[in-house]
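**Student:** based on what follows, work out the 3D shape:
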Amino acid sequence: MDLVSLRRDVHAHPEPAFCELRTAALVLSRLRKLPVRLRMGPEAMRLEGIPAYPDEQALERFAGLAVANGADATDVETLAAQGTAVIADLEGTRPGPTWALRFDMDALPVAEAEDGGHVPAAAGFRSDYPGFMHACGHDGHVAIGLTLAERLADRDFPGTVRFLFQPAEEGGRGARAMLGAGAVDGVDRFVAMHLGLDLAAGTVAAGITGIFATTKMRARFTGVASHAAAAPQDGRNALLAAATAVLGIHGLPRFSTADTRVNVGTLHAPGNVNIVPALAELTCEARSRDGAVNVDLTERVKQVLRGAAEAQEVTVEIEETGGSTSLDCDDELLDAVLVAAKAGGHETVRLHEMGGSDDASLFAEVVQRAGGRATYTVVGGGNPAPHHNPYFDVDEAALPIGVDVLERLVRG
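**Tutor:** Coordinates of the predicted model:
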């Protein structure tokens, strides 16, 4: 299966965070043919303490889909029980640095466009899984990572390359789970590569600026149900508390010292029109381009949640469900990526404005604190629609560029 066919295969079978069972099984099947040391399960990620981990029903659903769509049943069973992260170490024939290259695998809960103006629909590789879609380019990342591993199988490079096939980038949970298993221990140079991000098609950015630190949260409000007409005074309205919190979060003051964002993404409350709602749940996020400011903003969001609950005499449980930090790319690696990209004849820019978050920043932070270097490289994808949009797609000409740049970077 060539690079484009591989990307299209992954695209047609999108799996959400920690349910990337078919994708991870595909990764394993390709890597087992190469001279690599494979790690999976507890050696690749730790399940303990992962917030909002899929329940058994979700894992069973995607396990069934994975096997029905060609995945090895034994691998799927193991991945469902132990986690979907896969790590592969490939040693070169000469002494040199240890690289870690991150390739995220998860898709999004987005229903993909069906009309003929959307290339995956017109070309027959639109999502086969209703309600889920690769709307951020991770399908291309998987294809680039596997193709690169096969290219480097000749081991004609210095040092070691560690391939990190990461679950659950969306929502910021996968990197932390892999760090718990020592995923970047001993790494000298870390690179994450992303397709798209509104960069001109085919252009390579050696690094990014403007990445947001973020905290994802879920708040559960619990009140008292009561008849909305006969005894409203006996009820304690959880939905009203949650709705008050929504407005309070979006009304938080901005910071003069850093760019910030807040958002409430979902609000759910079961019940009936004539019942004072006893339960409500919302999900929200805080972001800042400064990690310390994000910590402050996150605490302010929590204060709003607690205050709204107190005002309505209900309780609230707040859970941090994911997050990431800011990232400063190292000049040494920026220079190296530019050299590699220019050697391949590709257009380049040194830094590209990101405007989003990625928990690859957590890998980078650990590597940099240990004295290593890190960058976050972008290959322009000519995107016809924004990321996380039903019409998102990647110009497949970007795929070989991504492989070429990383191969030249590693071979030196």
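**Student:** am I right that Arg151 is in a helix?
**Tutor:** Yes: when classified by DSSP: H, G, I helix; E, B strand; the rest coil, Arg151 is found to be part of a helix.
**Student:** quick check: it touching Glu407?
**Tutor:** Yes: using C-beta atoms under 8 Å, Arg151 makes contact with Glu407 at a distance of 5.4 Å. No exception for glycine: its C-beta is placed from N, CA and C like everyone else's.
**Student:** with neighbour numbers in mind, choose between the two.
**Tutor:** Higher neighbour count among Arg151 and Glu407: Glu407, with 17 against 14, using other C-beta atoms under 10 Å.
**Student:** which pLDDT value does the model give the more buried one?
**Tutor:** Looking at Glu407, its pLDDT is 98.
**Student:** wait, what's in contact with it?
**Tutor:** Going by C-beta atoms under 8 Å, 6 or more residues apart in numbering, Glu407 touches 148, 151-152.
**Student:** CSV for those, including distance to Ala311 and pLDDT?
**Tutor:** Below are those laid out as CSV (distance: C-beta to C-beta, whole Å; pLDDT from 0 to 100):
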residue, distance to Ala311, pLDDT
Leu148, 54, 98
Arg151, 60, 98
Leu152, 59, 98
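**Student:** residue furthest from the geometric center of this structure?
**Tutor:** Within the chain, the residue lying farthest from the chain centre (C-alpha atoms, centre = their mean) is Ala230, at 48.2 Å.
**Student:** which element is that one on?
**Tutor:** Per DSSP states H and E: Ala230 is located in neither a helix nor a strand.
**Student:** kindly report the same for the one 10 residues further on.
**Tutor:** Element membership of Leu240, judged by DSSP H and E, is helix 238-250.
**Student:** which outside residues touch that helix?
**Tutor:** Helix 238-250 is contacted from outside by 219, 221-223, 262-264, 267, 269, 271, 277-282, 284, 301, 304-305, 307-309, 311-312, 314, 316, using C-beta under 8 Å, 6+ apart.
**Student:** chain center to it, what's the gap?
**Tutor:** The chain centroid and the centroid of helix 238-250 are separated by 28 Å under C-alpha atoms, centre = their mean, to the nearest Å.
**Student:** can you list the buried residues in it?
**Tutor:** Residues of helix 238-250 classed as buried: 238-246, 248-249 (neighbour count, 16 or more other C-beta atoms under 10 Å).
**Student:** now the residues you listed as TSV including distance to Gly323 and pLDDT?
**Tutor:** TSV is the format used below for the buried residues of helix 238-250 (distance: C-beta to C-beta, whole Å; pLDDT from 0 to 100):
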residue	distance to Gly323	pLDDT
Ala238	25	98
Leu239	27	98
Leu240	28	98
Ala241	24	98
Ala242	21	98
Ala243	25	98
Thr244	24	98
Ala245	19	98
Val246	20	98
Gly248	21	97
Ile249	16	98
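**Student:** can you pull out the helices in the stretch 1-150 of the chain?
**Tutor:** All helices of the stretch 1-150 of the chain, identified by DSSP state H, counting those that start in this stretch, fall at 3-12, 21-31, 56-68, 73-82, 119-122, 138-151.
**Student:** which one's the longest helix in the chain?
**Tutor:** helix 291-311 (DSSP state H).
**Student:** and that one, what does it pack onto?
**Tutor:** With contacts taken as 3 or more C-beta pairs under 8 Å, 6 or more residues apart in numbering; DSSP states H and E, helix 291-311 sits against strand 213-222, helix 238-250, strand 260-268, strand 279-288, strand 315-324.
**Student:** care to break the chain down by domain?
**Tutor:** Domain segmentation of the chain under automatic domain parsing yields 3-211+327-411, 213-323.
**Student:** buried deepest among those domains, which one?
**Tutor:** domain 3-211+327-411 (a mean of 20; mean count of other C-beta atoms under 10 Å).
**Student:** now it, how far from the centre of its chain.
**Tutor:** For domain 3-211+327-411, the separation from the chain centroid amounts to 9 Å (computed by C-alpha atoms, centre = their mean).
**Student:** end to end on that domain, go ahead and measure it.
**Tutor:** When the termini of domain 3-211+327-411 are compared using C-alpha to C-alpha, to the nearest Å, they are 20 Å apart.
**Student:** any stretches of the stretch 201-350 of the chain with poor pLDDT?
**Tutor:** Across the stretch 201-350 of the chain, nothing is flagged by pLDDT under 70.
**Student:** on that earlier part again, figure out which of the helices of the stretch 1-150 of the chain is closest to Ala374.
**Tutor:** helix 138-151 (16.9 Å; C-beta to C-beta).
**Student:** tell me the first helix or strand C-terminal of that closest one.
**Tutor:** Note on helix 138-151: by DSSP H and E, the next helix or strand toward the C-terminus is strand 158-166.
**Student:** list the helices and strands that next one packs on?
**Tutor:** Contact here means 3+ C-beta pairs under 8 Å, 6+ apart; on that basis strand 158-166 packs against helix 21-31, strand 86-91, strand 94-104, helix 138-151, helix 174-179.
**Student:** separation between the closest residue to Arg373 other than its chain neighbours and Ser226?
**Tutor:** Closest residue to Arg373 apart from its sequence neighbours, by C-beta to C-beta, 6 or more residues apart in numbering: Asp330 at 4.1 Å. According to C-beta to C-beta, to the nearest Å, Asp330 and Ser226 sit 59 Å apart.
**Student:** repeat for Met217
**Tutor:** Distance, Met217 to Ser226, by C-beta to C-beta: 28 Å.
**Student:** could you do Ala280 as well?
**Tutor:** For Ala280, the distance to Ser226 - C-beta to C-beta - is 15 Å.
**Student:** can you pull the pLDDT of the residue nearest to Leu31 when sequence neighbours are not counted?
**Tutor:** Residue nearest to Leu31 in three dimensions, not counting chain neighbours: Ala88, with 5.0 Å by C-beta to C-beta, 6+ apart. pLDDT recorded at Ala88 is 98.
**Student:** also Arg176?
**Tutor:** 95.
**Student:** OK, contacts around Leu6?
**Tutor:** By C-beta under 8 Å, 6+ apart, the contact set of Leu6 is 142-143, 146-147.
**Student:** measure it to Pro42 for me?
**Tutor:** Here Leu6 is placed at a distance of 28 Å from Pro42 (C-beta to C-beta).
**Student:** same check on His227?
**Tutor:** Distance from His227 to Pro42, by C-beta to C-beta: 51 Å.
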